[in-house]
Every structure is written in C-alpha cells, then in structure tokens.
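Chemist: what follows is a predicted protein model with its sequence.
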Amino acid sequence: MLDQQTMDIVKATAPVLKDHGVAITSHFYKRMFENNPEVRQFFNHTNQKRGRQPEALANAVYAAAVHIDRLEAILPAIQPALHKHKSLNIRPEHYPIVGQNLLGAIQDVLGEAATPDIIDAWAKAYGVIADVFISLEKQMYDDAPWIGFKPFTVAEVIEDTPEVKRFHIKANDGVVGMAIPGQYISVQARIAGEDILHHRQYSVVETTEDGYWIAPKAEGLVSNWLHEQTVGTEIPVSAPAGEFVLEASDRPLTLVAGGIGITPLFNMAKTALGQGRSVTLLHAVRSTNLRPLGEELDELVNAGLQLITHVDDVSGCMSATQLEALDVEGHDVYTCGPTAMMETVVQTIPQARYEFFGPSAVLARA
C-alpha cells in the first residue's frame, strides 16, 4: 500500500506526465535499449520508429498516475498489455529494468523539476504497479498450456493472395492449447543479419488437434521472414493470448473487417455459426484478388454466414454511410482493420469492440 503523501505527489505530477509523456517514454526506450540491450527482443522496433509504442506507454503511465489511489479502475485498460506480456514471456525480473530506466528518463527529461521527493514517490508507485502486473500475469501463466516459446513445425503453406500466405503449424510435442476465437500466438524469429530475436503476434485463424492456422500478410520484418519459410521449418511459438475474444452470447453477431483484419474475426464467425448464432460479416478490401481467406469465407456462406464484401481500391474501408445503414440493434459487434476504419465503426456503432494490430490505443466513440 502507498502512503497518502506518495499518492498525492504522484497525482499532482500527473499533468506534467501528460504534457511530457511522449518525450519521457521516447527517451525511456532509447535509454533502456542502450543500458539493457537484452530486452530489445521484446519490442516491435517498427512501432518504436513510428512512435506508436512510446505514445501507448505514455498513455498508460498517465492513466496509472491519475488512478494511483484506485488502480482497480485501470484493470480493463491494462488487459491488452498483460496478454502481450504473456505472449512474449515477460517475467518478474524484467520489471526492475523498466522501472530503473523509466525513473531515469523522468529525471533526464524534467531535470530539476523532478525533485528527489517526486522521484521517490514515483519509484514507490512503480513498485506497486509492477506488483499488480506480476500478480495478474502469474495467474495467466499458471493457466497457460505452456510457458514461453516451444517448437512448432510448418506442416502446410497455402498461397492465399499475392500478399497473404496461410501456415499450418504443428506442435512438436503434440500439446496444443485451444485459442479462444480472436486470440493470437507469438512467433519468434531468428533472422539472418539481425542481432536480436524478433517477435510478432498473429491471430489464430483456426485451432486444429495438433496446431494452429495463421495467415500473415507480407509486411514488416517478421512477416516477410515468415513468408520465406517452407514446410519443415521449425518455429518457436508461445501459447494463445489476447483479450479481444468472442464472448458467450446468443445475440446476433456483426463483424466488420478491413483487409487482413479478417483474421481474428474469421475464427469468431466460424465458431458463432457452429453455435447456431446469426452472423453477418462485412469485409472491406482493396480488390477481390486481395481478399484474405476468400475461399474459407465463401464456405462459411454455405453454412449460413451473411457476407457483405465491399471493394474500395483507394481506402479498402467501409464508409460511415454504409455502416449507418446496418441494423445492429441488439447485436454484438466486433471490428478489426485499419485504424481509420475502426474509428468510423466505433463512432457509428458505439457498442463495437475493436483490436489494434500493434500497441493499444483508445478510439473516440460517438
């Protein structure tokens, strides 16, 4: 438990963190990668360059500061980070590394404004926040079918579109954990010329008796590497994770996908149809020959899926006008795709749940 004085200092400095948050977190990553290069493998360096990771961390730090006296309020917001940590095998020993470099970054960026009392208060607060993460992640590890990464072997590769390949990967030890529809696995890649391991999360298109189907699009370092792999390649994989999942319900289901955002929603659609639910899927693509999982979607139509394919060679997205025409009263709605499309979806359909491929953020709803 934090004493009242510590909580008062942290809450009082929250506005400063909001104003300087991205500067602090950007410096934090630079500092940590220099001081502790062993943790570089846990981070997507493309997102670092684009500024998405520092921004996401800045938002998380600010939220923790504002709610330091009632951390239970931020539990829903940190669920994506908890699942991502599980998929990357983040362990308790990593938290002191983060804490030391985060406090150092606050001191470096704020200078004399970061008084000893402020740094001491933030050190105590970070310790409490880290303990919350460690405790919740322990529960997730205890429930997982395996911890960390274990070897899978590529059993089948299918050319899906010019941009997408489907991979059937099988567990070498035969032990597979069921992926709840919407969850992902992490793939670990040892790429020639790279001095660290790289990791990338891929939605599970389907769980099989001995493995998983994934459908990566050829963009980014790991995905391009994965597209070069062939049958027989051994790939380390972590257990399924992710909180963007199909909830138990008997309500009609509406899914809105943009491009490769179909991958988590396909598993939801197939599962819901098997449960006897009414399912409508809107899939926006740039062209019909770039429609991921096209044949599989057509097969689901035969099983009762109401499929609406929207082709837009410029944006590959649904418009607000098209979404407003939908009757989704009483429906469960999920969406995944480009950020601009998801923003349109949640502003038009406020109850829609969404997932980012990358660092989490909050979309403005209507």
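Modeler: That came through, no problem. Numbers count the residues shown, from 1 in each chain.

Chemist: how far out from the middle of the chain is the one helix or strand Thr153 maps to?
Modeler: Secondary structure assignment for Thr153, by DSSP states H and E: strand 149-159. Centroid separation between strand 149-159 and its chain, computed with CA atoms, centre = their mean, to the nearest Å, is 21 Å.

Chemist: elements contacting it?
Modeler: In terms of contacts (3 or more CB pairs under 8 Å, 6 or more residues apart in numbering; DSSP states H and E), strand 149-159 is packed against strand 165-171, strand 211-214, strand 234-238. C-beta: built from backbone N, CA, C; applies to glycine.

Chemist: packing partners for the shortest one?
Modeler: Using 3+ CB pairs under 8 Å, 6+ apart as the contact criterion, the secondary-structure elements in contact with strand 211-214 are strand 149-159, strand 165-171, strand 184-189.

Chemist: the first one too?
Modeler: With contacts defined as 3+ CB pairs under 8 Å, 6+ apart, the secondary structure elements packing on strand 165-171 are strand 149-159, strand 211-214, helix 221-227, strand 234-238.

Chemist: select, out of these, the one closest to Ile118.
Modeler: Closest of those to Ile118 is strand 234-238, at 37.4 Å (criterion: CB to CB).

Chemist: ok, residues contacting the closest one?
Modeler: 86-89, 148-154, 169, 171-172, 185-189, 212, 226, 229 (CB atoms under 8 Å, 6 or more residues apart in numbering).

Chemist: likewise stretch 89-107?
Modeler: Against stretch 89-107 from outside (CB under 8 Å, 6+ apart): 24-25, 27-28, 31-32, 35-36, 39, 42, 61, 114, 118-119, 122-123, 126-127, 130, 133-134, 137, 147-149, 238.

Chemist: among the residues you listed, name the buried ones.
Modeler: Buried by 16 or more other CB atoms under 10 Å: 24-25, 27-28, 31-32, 39, 42, 61, 114, 118-119, 122, 126, 130, 133-134, 137, 149, 238, out of these.

Chemist: how close does His227 sit to Val204?
Modeler: Using CB to CB, to the nearest Å, one obtains 18 Å as the distance from His227 to Val204.

Chemist: for Ala192, that is, sorry about that
Modeler: From Ala192 to Val204 the distance is 27 Å (CB to CB).

Chemist: the more surrounded of the two?
Modeler: Using other CB atoms under 10 Å, the more surrounded residue of Ala192 and Val204 is Val204, with 25 against 5.

Chemist: surely the more buried one is in contact with Asn267?
Modeler: Yes. Between Val204 and Asn267 there is a contact under CB atoms under 8 Å: 6.2 Å.

Chemist: and for these two, which residues touch both?
Modeler: Common neighbours of Val204 and Asn267 (CB under 8 Å, 6+ apart) are Ala179.

Chemist: what about Met268, distance to Pro252?
Modeler: On the measure of CB to CB, Met268 and Pro252 end up 13 Å apart.

Chemist: try Arg91
Modeler: 42 Å.

Chemist: the more surrounded of those two?
Modeler: Pro252 (18 against 14).

Chemist: just checking, what's the longest helix in this protein?
Modeler: Scanning the chain for the helix with the most residues, using DSSP state H, yields helix 4-35.

Chemist: what packs against that helix?
Modeler: For helix 4-35, the packing partners by 3+ CB pairs under 8 Å, 6+ apart come out as helix 52-66, helix 95-110, helix 116-143.

Chemist: can you say which of those is packed in most?
Modeler: Between the helices and strands packed on helix 4-35, helix 52-66 has the highest mean count of neighbours, a mean of 20, where neighbours are mean count of other CB atoms under 10 Å.

Chemist: which secondary structure elements does the next helix or strand after it contact?
Modeler: Of the helices and strands lying after helix 52-66 in sequence (DSSP H and E), the nearest is helix 75-88. Counting contacts by 3+ CB pairs under 8 Å, 6+ apart, helix 75-88 is packed against helix 52-66, helix 116-143, strand 184-189, strand 198-203, strand 234-238.

Chemist: and the first one, how far out from the chain middle?
Modeler: Mean C-alpha position of helix 52-66 versus that of the full chain (CA atoms, centre = their mean) differs by 16 Å.
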